[in-house]
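Visitor: Fold the stuff below for me.
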Amino acid sequence: SRPMPGDPIGDLRVAARSGGFVGLTFSLLACLEADLRTSTDAEQQEVIYKWMGRYGKALLKLFGLSVTTSGGQFGASGLYPAKDARGRGRMFVMNHRSMLDIFVDLAFVQANIVSRADLSRWPVIGLAARRVGTLFVDRQSKQSGAAVINAMSEALGRGRGVLVYPEGTTFAGDEVRPFRPGAFLAASRVGAEIVPMGIAYGGSSAAFVDESFPAHYRRVVGDAETKVGLAFGE
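Guide: Numbering: from 1, shown residues only. This next block holds a predicted model:
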C-alpha cells in the first residue's frame, strides 16, 4: 500500500525504520570489526561477505521486503557465491529500479557493489559502504570510469564478486535499457563469469524516477510491505 502525503501511519513507519536502520548499521559494523580482529588475512573477505549477507537479510525484515527468488546457486550461507569453480570472481549485472535494490542484493549475493560516487559521503550508509569495499564511480568523469573498470578487473581476478547496474541509473517499469560497457570490459579482461539478474517490484511505487532521494525514501520506507521478485539467469 502506497502511503499518502500526511499519512500518520506511514510517517511512523519511516521514523521507526530510520531509527532501526541506524542502530542496525552501527551494531553490525561493530560485529564485523570484532570478527575481523580474530580472522586471518585469508578469511577476511569471507567474513565481510558473511556480515554483508546478515545485514541484507536484517534490512529485508526491517523494511518489510518480501522477496521471491528464482534460479541462482546459493551456498550454505544463502548467498550466491562470489567465486566460480576456478576461484575467479563473478560479475553480477542487474537492472536498477529503486534504493531498495541494494538491500535485496546484500541479502542474496556475495559481491562488492559498484555505486555512485556521492554515496560514499552520505551519513551512516556511506560509512558502511566504504568499510565493506563498495566500488565508487563518478559517471560524469572518464577518469573515474577508467579507474573503476581497473578496480573491477582487479577484484574479479582476486576472487571477489562484483555487482553492477549497467543501465547507469534507475528506471521505472520492467523494460531493460541499454547497458554501459564498462562492467563487460572488466569481466572480459579476466575471463570472469557473468551472472545476469533481474529485479521487479509489485506495482510501480518502488521506482526512483523524477523525484528527490528524500521523497523516494519517504515513499518506499513508509510502505507496510513491498513485494519483490529476483531472478538469476545463466
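
Visitor: which residues sit in contact with Val14?
Guide: Contact analysis of Val14 by C-beta atoms under 8 Å, 6 or more residues apart in numbering lists 217-218, 221-222. Every residue, glycine included, has its C-beta placed from N, CA and C.

Visitor: and Cys31, how many neighbours does it have?
Guide: Look at Cys31: counted by other C-beta atoms under 10 Å, it has 14 neighbours.

Visitor: Check the nearest residue to it once chain neighbours are set aside and give its pLDDT.
Guide: Spatial nearest neighbour of Cys31, excluding adjacent residues (C-beta to C-beta, 6 or more residues apart in numbering): Trp51 at 6.4 Å. What the model reports as pLDDT for Trp51 is 95.

Visitor: you'd agree Trp51 is up against Leu28?
Guide: Yes - taking contacts as C-beta atoms under 8 Å, Trp51 lies within contact range of Leu28: 6.0 Å.

Visitor: Which one of these two is surrounded by more residues?
Guide: Using other C-beta under 10 Å as the criterion, Trp51 and Leu28 rank with Trp51 on top: 20 against 17.

Visitor: Distance-wise, check the spatially most central residue of the chain relative to Val220.
Guide: Geometric centre of the chain, nearest residue: Ile102, 2.8 Å, by C-alpha atoms, centre = their mean. Note on Ile102: its distance to Val220, by C-beta to C-beta, to the nearest Å, is 12 Å.

Visitor: that older thread, just checking, what packs against the helix or strand hosting the residue nearest to the centre of the chain?
Guide: Assigning secondary structure by DSSP states H and E places Ile102 in helix 100-108. Taking 3 or more C-beta pairs under 8 Å, 6 or more residues apart in numbering; DSSP states H and E as contact, the helices and strands that helix 100-108 lies on are helix 44-62, strand 65-70, strand 91-94, strand 112-116, strand 194-201, strand 226-232.

Visitor: if you average pLDDT over each of those, which comes out lowest?
Guide: strand 112-116 (a mean of 86).

Visitor: May I have the helix or strand following that one exported as CSV, CA atoms only?
Guide: The C-terminal neighbour of strand 112-116 among helices and strands, as given by DSSP H and E, is helix 125-131. Below are the C-alpha coordinates for helix 125-131, written out as CSV (Å, rounded to 0.1, in the frame of the first residue of the first chain):
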residue,chain,number,x,y,z
ILE,A,125,25.3,4.2,4.7
GLY,A,126,28.4,5.9,3.3
LEU,A,127,30.5,4.6,6.2
ALA,A,128,29.2,1.1,5.9
ALA,A,129,29.6,1.1,2.1
ARG,A,130,33.2,2.2,2.3
ARG,A,131,34.0,-0.4,5.0
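
Visitor: Relative to Gln73, how far out is Arg54?
Guide: According to C-beta to C-beta, Arg54 stands 20 Å off from Gln73.

Visitor: Which one's more surrounded, these two?
Guide: Neighbour totals were compared for Arg54 and Gln73, and Arg54 leads with 18 against 10 (other C-beta under 10 Å).

Visitor: Tell me the secondary structure at the nearest residue to that one once chain neighbours are set aside.
Guide: What sits nearest to Arg54 in space, not counting adjacent residues and going by C-beta to C-beta, 6+ apart, is Leu28, at 6.6 Å. With DSSP: H, G, I helix; E, B strand; the rest coil as the basis, Leu28 sits in helix.
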